[in-house]
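> Sharing a model prediction with you, sequence too.
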Amino acid sequence: MTVESGSSTVRLTVPAKPDYVVLVRLALSAVCRLTPLQPEDVADLKLAVTEAASELVHDGSQGQLVCAFALHDDRLVLEVGGPAHPHVSPEEQELGRAIIAATVDECEYGDGVVRLVKYLPDGTE
């Protein structure tokens, strides 16, 4: 997992099990309080991080889900990493990735890592 320098970063590591995704969402909510994002944008990000995590966790998962939330002046970068063996069907994966694409500005998928970017409003609107 690589988070760019020059940011304020929060890292969270939890067991790679579905029950722990709620902690990731709570941490994301706390970080979002430091941004000018509107509540609907925060809800979108929580949905995106849930979908990203769903590719990496399931009830029998071993290992850890590692999340990093990097706050920059102009964007929030979320990286979610976990076991690199997806346990979802291709159809579920396609739907999850469509939801992610609709809720963030950029997304990248690597082996066991999902990187999401949401640009922050500049406040001059």
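Received, thanks. Keep in mind it's a predicted model, so treat the numbers as computed, not measured.

> Please name every helix or strand in contact with the longest helix anywhere in the chain.
Ordering each helix of the chain by length in residues (DSSP state H) puts helix 39-54 first. Packing partners of helix 39-54 (3 or more CB pairs under 8 Å, 6 or more residues apart in numbering; DSSP states H and E): helix 21-32, strand 75-81, helix 90-103, strand 113-119. (Each C-beta comes from the backbone N, C-alpha and C, glycine too.)

> From Ala53, how far out is the residue nearest to Leu47 when sequence neighbours are not counted?
Nearest non-adjacent residue to Leu47, counting by CB to CB, 6 or more residues apart in numbering: Thr103, 5.6 Å away. From Thr103 across to Ala53, the span is 14 Å (CB to CB, to the nearest Å).

> Mind checking which of these two has more residues around it?
Per other CB atoms under 10 Å, whichever of Thr103 and Ala53 has more neighbours is Ala53, with 23 against 19.

> ok, that one to Thr13 distance?
To Thr13, Ala53 is 13 Å away according to CB to CB.

> Mutual contacts of these two, please.
Leu65 (CB atoms under 8 Å, 6 or more residues apart in numbering).

> need the contact list for the closest residue to Val113 other than its chain neighbours.
Once flanking residues are discounted, Val113 sits nearest to Gly81: 4.3 Å by CB to CB, 6+ apart. Gly81 makes contact with Met1, Leu56, Leu65, Val66, Cys67, Gly112, Val113, Val114 under the criterion CB under 8 Å, 6+ apart.

> same deal with Ile100?
By CB under 8 Å, 6+ apart, the residues touching Ile100 are Ala48, Glu51, Ala52, Cys107, Val114, Leu116.

> show me where pLDDT drops low in this structure?
Applying pLDDT under 70 to the chain picks out residues 1-7, 84-87, 123-125.

> which residue is nearest the centroid of it?
Val49 (3.4 Å; CA atoms, centre = their mean).

> pretty sure it contacts Val77?
No. Between Val49 and Val77 there is no contact under CB atoms under 8 Å: 11.8 Å.
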